[in-house]
Structure formats: C-alpha cells, structure tokens
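Peer 1: generate a structure from the sequence data that follows.
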Amino acid sequence: MGSRSTPTSPASRRCCRASPARSCWTGRRAEASIVNFVRAPLLAAIGFFCANAAAEQGPSAPRVVAIVDATVVHPDRDGADAIRPHTTVVIEGSRISQVGPSSSTPVPKGAQVVDGAGKWLIPGLIDGHVHFFQSGNFYTRPDGLDLTKRVPYASEVARNKARLAATFKVWIASGVTTVVDVGGPLWNFEVRKAAQASEAAPHVAVAGPLVSMVADPKLELDDPPIIKAATAEEGVRLVARQLPYQPDYIKVWFIHEQGTDLAAQEAIVRAVGETAHTAGVPLAVHATELVTAKAALRAGADYLVHSVGDEPVDAEFLDLAKRNKALYCPTLWVISGYRYAFAGLWRPTQAEQRLADPQILAMMRDLERIPKEELPPRIVERMAEAKTPPPPTMMLRNLKSVHDAGVPVVMGTDAGNIGTLHGPSVFREMALMQEAGLTPLQVLRAATVNGARAARRESTVGTIAPGAAADLVLLTADPTVDINNAARIYRVFRKGRMFDPDELIVSIR
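Peer 2: Reported below is the predicted structural model:
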C-alpha cells in the first residue's frame, strides 16, 4: 500500500416578495442595455484565480490519492448494490481510476492514502438552482424588502462580486461540487469563467438574464438579471442576444398575473423555447402555479425550477412532464427562508454555523438591529407577531406525487434569496425532501444523479465509477439512514483535490 496520511482539521407568485404566490425574481431593463455592463471587477478576479491557482486554500492533491476501506454509496443503483462497504477508490489527477473491494484493489505505490474506515463516500452534491448575483442577506432583494437607504443595491451587487471566491469556497466546504445558476445578469457568464479558473470552486452551469412576463425596476442596474418580453418577437431577440455567450439554459420567468392573457404568455414561452432548442440549449421555466406549469410544459419546458405550490398536480401535468422528459426542482425551503427571516425568526442550523459564509451569517441578525421606523410596517408587524411560518405542505405533497410518477426530481435550493444561504442550505432542502416521503437514497439521487442531468454533465459527475470526475464527499455518518447525515462532512474532493471544509471557512473569515 502507499504512504498513509490522515488529514486533520484545525477545528475538528414571487416567492421573494411577501406573497409566496409570486416568483423569486423581479426586474426590468430595456432590451438594448443587455450588453452594457461592467466586467472589470470580475475579469480582475479571473486573473487572480489564474495567477494564484497553486495558492488556493487547501493542501495540493498529489497525482494519486486512494480512499481506502470506505463505505461507498452509489445513488445511481438500487437496493443492496447501492451501498458497498470496505471499498477503495483510487483517484489519478482529476478522475477516478479504480473502484473496488479494498481486499483486492491495489493502492498504487506513492499514493496518498486517506483512511475511509467508518466513513461514507458519496458523489459530490449538485445544487440545481442557485443565483450568484444574490447573497442570501436582507439587502439582496430590494423588490422583496427595500433597505436601499441603508445599503444601496449597487453596493450589495458589488459586494457579491468581490466576495465571489469566498462564495465558491462555501459551496465546496458544503460538499457541493456542481451548481446550476438558473438565471441572472450577463455577469453570470463571467462567474462561470471564474469557476473554471479556480481550484476551489464548483463546476458552474449558467443561464443569463431571465426572459420575463413582468418587470421590476428595483433590480435595475446596468446589467439586469431579468428583462421583460412583451411579445414573442421580443423574447426571441432576447434569446438571440444570449446565445453568443453559450448559455447552459435559457430561462423564462413565467408570472401570470390576474387579467393577463395566458395564451399570449404561453406563445412567448413557446417562441423562446423553440429558439433555444434550435440552438441546442434547453429551456428552464419558473412556473409556480399548476396552470402556468402546464402551459410551460406545453410550450416545451425541459426543466421546471420550482414546485407547483398552489394546488395538487394532476394527470395532465404528469403526462406533460413525462412527454417532455422534464426535470422537476422543488425548491422547498426558499419561501420558508423569506418567512422566517421577515418574522425575525431565522436562525442558522448547525451546518450553517459551521459551513456558511461568516459575513452572511453575521448579517442575518441585521433586521433586529435596524430601527423599526426604517422597516416596512408589514415587517414590523411580522416581527412583533413572531409567528412560526407554516410548512410548505402542498409543495411536499406534490413532490411525492411527481417523484412517484417517475418524473426525475432534482435537488435545488434557490440559494441567494433572503434566508437561503449559498452552500449549507442544501441540507435544509434535503431534509424537507426526506420529510416529503422520499427515502434518503432517493434524496441523494436527486442531489447527484439527477442533478448531473440538470447540470448537463451526466456523463462525468453524480457517480462513483472509473472515468468519472473525482468530485466526492467523505462523511462521518451514514446518509442512507438519515439524509441529515449528509451534513457530517469530513473531506471534500473537487477534481481530485482534497479540501478540509473547516479550513476553507477559516480562510474566508
């Protein structure tokens, strides 16, 4: 066997508004402004990543690493075959080269050996719904809570750009090695470049500005995250503007307000989808009501990025989803995140205390410090009531129905919205999926195998097999008996490089 070393830790409807019936997104900008944005801060960050890749936090991975005697969990398998104890996984460079019984799998000479005894190895987690232009704090969505007199929105956006490297590390520390940003400013494409240049970043798939049915000027800056399309022709032009950036998705924000023409809106979605599909790009749609979700599927949606939350899904919905081979991402926590935060009841979980961005954690107590006269009356009233928000019952029921019908479910958090933090919010989301009736292994499948489909990387991630990317998480407790154990992270491997999650967080304090 090779030289054995055991790493040590030094610390061993707009859901974003008050009404959850609306979406987690609002915003507007004239179509012509889509190319007028400032790249300099992020281009400088990319240069920093490229020049300092070797200096990224965490020990440099040797060419060969062997994780020995671990219990390997295969979410892509069923039954007893999904759990393989006493297994050795050999990593060469950024890929897995061997997976087999420890008794018969040789460890290459000179390999760094990681003792996996008493630990569980899972594929790197995948969050299928995030937004990098948002931070999770109270200043990140002025359309939901306007505190711009205290922190101008431009300052919040600048903070998020400057903090990007730290946000990447938070994702890795949380065991998330791939994320899908399903819509934001054109800056998103620079985020993808920065992640590619960094050793301590997840793989990032992105969509650009959302093609929207509605507008909201409160998110307007030079590089808007959402642009309204009043006609099918406008929607097609907005897609054409994004295609040179090679988006992983085109995203539609399908908000149907009372009195608007649903058929006309569906025609916009269809035109957008056909243009995207012609270019080989899948269509993601935000549709949180049954009527809009079915319209989105009729129009060709490939990826529904939220739950249906207003009424039970029906046979027509399920048939449409299966016809399209669509993915369903329930985002169960995000509305509760807003509700707990606005009531002054948001408190970090144990995983968030350990793995979240310390800056954001500190800011999550700001609402208690702001003078009441600076807060909207509805927020003051909620804080005075201190009423525990109800669970997302309809979403939970619909998730179980969708899953049982055979529609692929993807774990996604909508991270970046107020109260839904980048990184460890995945553990809140997975706990709710388990509460909905999915088994821990089914939740893991949603967070790995199906997440790989959402990220359009099913041939390389979401599995533990020879040739797959060496994106792995080593846990100290069994996630197949309780999905909450997925938060018990010992080490994370990204492209074969090993990271101590506690050291990552220390490095960004």
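
Peer 1: for residue 370, give its distance to residue 149.
Peer 2: According to CB to CB, to the nearest Å, residue 370 stands 10 Å off from residue 149. To be clear about C-beta, it is placed using only N, CA and C from the backbone, and glycine gets the same treatment.

Peer 1: how many neighbours does residue 347 have?
Peer 2: By the criterion of other CB atoms under 10 Å, residue 347 has 10 neighbours.

Peer 1: excluding chain neighbours, what is closest to it?
Peer 2: Leaving aside its chain neighbours, residue 347 sits nearest to residue 340 (7.9 Å; criterion: CB to CB, 6 or more residues apart in numbering).

Peer 1: SS state for that neighbour?
Peer 2: Three-state call for residue 340 (DSSP: H, G, I helix; E, B strand; the rest coil): helix.

Peer 1: that one: how many residues sit nearby?
Peer 2: Close neighbours of residue 340, defined as other CB under 10 Å, add up to 17.

Peer 1: quick one: the lengthiest helix in the chain to chain centroid distance?
Peer 2: Counting by DSSP state H, the longest helix found in the chain is helix 262-278. Centroid separation for helix 262-278 versus its chain: 25 Å, with CA atoms, centre = their mean, to the nearest Å.

Peer 1: so for that helix, what gets flagged as buried?
Peer 2: Applying a neighbour-count criterion of 16 or more other CB atoms under 10 Å, one finds 265-276 buried in helix 262-278.

Peer 1: list just the nearest of the residues you listed to residue 247.
Peer 2: Distance to residue 247, by CB to CB, is smallest for residue 276 among these, at 8.3 Å.

Peer 1: where does this structure dip in pLDDT?
Peer 2: Regions of the chain meeting the criterion pLDDT under 70 cover residues 1-62.

Peer 1: hmm, try it at 50
Peer 2: Counting by pLDDT under 50, the chain has low-confidence residues at 1-58, 61.

Peer 1: which one is residue 171 nearest to, not counting chain neighbours?
Peer 2: Nearest to residue 171 is residue 202, by CB to CB, 6+ apart, at 4.7 Å.

Peer 1: circling back to that earlier point, next SSE after the longest helix of the chain?
Peer 2: strand 283-286 (DSSP states H and E).

Peer 1: neighbouring contacts of that next one?
Peer 2: 23-25, 182-183, 207, 210, 249-255, 269, 272-273, 276-277, 293, 296, 299-306 (CB atoms under 8 Å, 6 or more residues apart in numbering).

Peer 1: picking that back up, looking at residue 370 and residue 149, which has the bigger crowd around it?
Peer 2: Taking other CB under 10 Å, residue 370 and residue 149 do not tie; residue 370 has more neighbours (13 against 7).

Peer 1: ok, for that one, nearest residue in space, not its chain neighbours?
Peer 2: Leaving aside its chain neighbours, residue 370 sits nearest to residue 150 (6.8 Å; criterion: CB to CB, 6+ apart).

Peer 1: next one: residue 320
Peer 2: Excluding the flanking residues, the one nearest residue 320 by CB to CB, 6+ apart is residue 297, at 3.8 Å.

Peer 1: which helix or strand contains the one you found?
Peer 2: helix 290-298.

Peer 1: chain center to that helix: distance?
Peer 2: Distance of helix 290-298 from its chain centroid, counting by CA atoms, centre = their mean, is 23 Å.

Peer 1: what packs against the host helix or strand of residue 179?
Peer 2: If you go by DSSP H and E, residue 179 is part of strand 176-181. Packing partners of strand 176-181 (3 or more CB pairs under 8 Å, 6 or more residues apart in numbering; DSSP states H and E): strand 125-130, helix 187-197, strand 203-206, helix 449-454, strand 489-494.

Peer 1: one more pass at 10 Å, please.
Peer 2: Contact partners of strand 176-181 among helices and strands, from 3 or more CB pairs under 10 Å, 6 or more residues apart in numbering; DSSP states H and E: strand 125-130, helix 164-173, helix 187-197, strand 203-206, helix 425-435, helix 449-454, strand 472-475, strand 489-494.

Peer 1: now do it and helix 425-435, the angle between them.
Peer 2: Comparing the axes of strand 176-181 and helix 425-435 via axes from the mean of the first three to the mean of the last three CA atoms, to 10 degrees yields an angle of 90 degrees.

Peer 1: pairing partners for strand 176-181, with directions?
Peer 2: strand 125-130 (parallel), strand 203-206 (parallel) (DSSP bridges).

Peer 1: can you show me the CA trace of the first one as CSV?
Peer 2: Spelled out, that is strand 125-130. C-alpha atoms of strand 125-130 as CSV (Å, rounded to 0.1, in the frame of the first residue of the first chain):
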residue,chain,number,x,y,z
LEU,A,125,-23.6,17.1,-4.3
ILE,A,126,-25.2,19.2,-7.0
ASP,A,127,-27.5,22.1,-6.4
GLY,A,128,-29.7,22.5,-9.4
HIS,A,129,-31.0,26.0,-8.6
VAL,A,130,-28.8,28.9,-7.4
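
Peer 1: if we can go back for a sec, against residue 273, how distant is the residue nearest to residue 320?
Peer 2: Residue 297 is 10 Å from residue 273, by CB to CB.

Peer 1: same deal with residue 449?
Peer 2: Distance, residue 449 to residue 273, by CB to CB: 25 Å.

Peer 1: if we can go back for a sec, winner for burial among the strands paired with strand 176-181?
Peer 2: strand 125-130 (a mean of 30; mean count of other CB atoms under 10 Å).
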